[in-house]
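Below is the sequence, then the predicted model.
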Amino acid sequence: GEDVEQSLFLSVREGDSSVINCTYTDSSSTYLYWYKQEPGAGLQLLTYIFSNMDMKQDQRLTVLLNKKDKHLSLRIADTQTGDSAIYFCAEFESWGKLQFGAGTQVVVTP
Amino acid sequence: KAGVTQTPRYLIKTRGQQVTLSCSPISGHRSVSWYQQTPGQGLQFLFEYFSETQRNKGNFPGRFSGRQFSNSRSEMNVSTLELGDSALYLCASSSGLAGGQETQYFGPGTRLLVL
């Protein structure tokens, strides 16, 4: 199957912006997603972007999509301690199947 | 609307036993997908059901099976458990009406420990 790649770890100071990067391989992907997972919990949908869009903003979250480079990023403005979690990017692959990256552990320090 | 619910939340089994996990989707959703999450392999797709039919399947052995009922609730069964089956099992629901590309909403997961 296709691989979705993410950096594994990001440390950020409270109040700063966080940028989490992801590369995907399937150029035909129509939807790309960002999910958040806190310890012991399931996946929480944060936002998604359709492949014909370059950018999507939703409160503190900004998603940028570079289709030419197959690069997706998630920017979290004014990062808070509650943003500490693992963040997964995912692309639609086939019926009911999302292909996930390995996840980026975000640690927010005071 | 209530979210996706999964039962039980935690399970401890021994090798060789079998286990059944349950998932109730968001009301009105007809598609249920199952994923296995482990530290080593990450999130891996097991299968997807829509209107009681399996539409898609991942690369898991036949010991992993599932079904969906007419009310869209789904069950997943693992027979002859192995130590490597210890994982967080997540189900996700979606409307299932847009070519399988609809947004998936996940439940809290069932954590299975095989001893």
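Great, that's in hand. Numbering: from 1, shown residues only, chains lettered A, B, ... in the order given.

going forward, measure contacts and count neighbours with C-alpha atoms only.
Noted.

Quick one: residues contacting the most centrally placed residue in chain B.
The centroid of chain B falls nearest to residue B:34 when counting by Cα atoms, centre = their mean (3.1 Å). The contact partners of residue B:34, taken as Cα atoms under 8 Å, 6 or more residues apart in numbering or on different chains, are B:45-48, B:76, B:89-92.

let's go with 7 Å and repeat that
B:45-48, B:90-92 (Cα atoms under 7 Å, 6 or more residues apart in numbering or on different chains).

go on, residue A:42?
Residue A:42 sits in contact with B:90, B:106-109, where contact means Cα under 7 Å, 6+ apart.

one more time with 10 Å, if that's ok
Taking Cα atoms under 10 Å, 6 or more residues apart in numbering or on different chains, we find residue A:42 in contact with A:35-36, B:88-92, B:105-110.

which one is it nearest to, not counting chain neighbours?
Nearest residue to residue A:42 in three dimensions, chain neighbours excluded: residue B:108, at 4.1 Å (Cα to Cα, 6 or more residues apart in numbering or on different chains).

Please confirm that that neighbour is located within a strand.
No - counting by DSSP: H, G, I helix; E, B strand; the rest coil, residue B:108 falls outside a strand, being coil.

Does residue B:48 touch residue B:90 like I think?
No - Residue B:48 is beyond contact range of residue B:90, at 11.9 Å (criterion: Cα atoms under 10 Å).

quick one: which of the two has more around it?
Using other Cα atoms under 10 Å in any protein chain shown as the criterion, residue B:48 and residue B:90 rank with residue B:48 on top: 29 against 26.

Pull up the residues of chain A that are close to chain B.
Counting by Cα under 10 Å from any Cα of the partner chain, the positions of chain A adjacent to chain B are A:29-33, A:35, A:37, A:40-45, A:47-48, A:88, A:91-103.

repeat that for 6 Å
Selection of chain A residues close to chain B by Cα under 6 Å from any Cα of the partner chain yields A:41-43, A:95-96, A:102.
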